[in-house]
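Visitor: This is a predicted model, with the sequence first.
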Amino acid sequence: MFKRVVVGNDGSDNAVQAIETAAEIAKADNAELIVAHVWHLPATAYIGAPYAPLDLSRQMDETKKSANDRAGSVLERIGIEGRLVELEGNPADAIIGLADDEEADLIVVGSRGLGAVERFVLGSTSERIVRHAACPVLVVR
């Protein structure tokens, strides 16, 4: 049924659940699995201490490594290969853009991620993806 599945990965527990679900679907359909980690350095990172962007950059690198390690563990356990992709920008827009570029048949996302403040101000990433994606979206709780 599905040929290409994109799943968002921010390293959260919900993202791990989404990766598990996406991996099971991709494995069952012999589909390509693309695991997307999106990083975004907000403009507010440049306000304050002169070394704040460097600290945030290091923290983002650690978050990316942790997220990719967790994704790799899930894929190995389920027995499927996935392509890990790193993107920059707004997570919802980046995942939608990737799905469009890759002609994905399905996007899988967790219901909640790591961005509580952004969720409060802008609305959740998963909600934006559901509203704007061209393909079906599965939100995993």
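Guide: All right, it came through fine.

Visitor: what about the helix or strand harbouring N14, distance to the chain center?
Guide: Assigned by DSSP states H and E, N14 belongs to helix 13-29. What separates the centre of helix 13-29 from the centre of its chain is 12 Å, taken as C-alpha atoms, centre = their mean, to the nearest Å.

Visitor: and that helix, what other elements does it pack with?
Guide: Counting by 3 or more C-beta pairs under 8 Å, 6 or more residues apart in numbering; DSSP states H and E, the packing neighbours recorded for helix 13-29 are strand 4-8, strand 32-39, helix 52-78, strand 106-110, strand 137-140. Where you see a C-beta, it was placed from the backbone N, CA and C, and this is true even at glycine.

Visitor: which one of those lies closest to N90?
Guide: strand 32-39 (7.7 Å; C-beta to C-beta).

Visitor: what about this protein, any weak spots by pLDDT?
Guide: Along the chain, the model assigns pLDDT under 70 to residues 41-56, 113-123.

Visitor: Mind doing that once more with 90?
Guide: The chain contains residues with pLDDT under 90 at 39-64, 111-124, 141.

Visitor: tally of neighbours for T21?
Guide: If you count neighbours by other C-beta atoms under 10 Å, T21 ends up with 19.

Visitor: which residues does it contact?
Guide: V7, V108, L138, V140 (C-beta atoms under 8 Å, 6 or more residues apart in numbering).

Visitor: my read: V108 touches A26, true?
Guide: No: using C-beta atoms under 8 Å, V108 is not in contact with A26, being 9.2 Å away.

Visitor: mind putting the contacts of T21 in a markdown table, neighbour count and distance to R77 included?
Guide: Formatted as a markdown table, those follow (neighbours: other C-beta atoms under 10 Å; distance: C-beta to C-beta, whole Å):
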| residue | neighbour count | distance to R77 |
| --- | --- | --- |
| V7 | 29 | 15 |
| V108 | 30 | 17 |
| L138 | 16 | 20 |
| V140 | 18 | 17 |
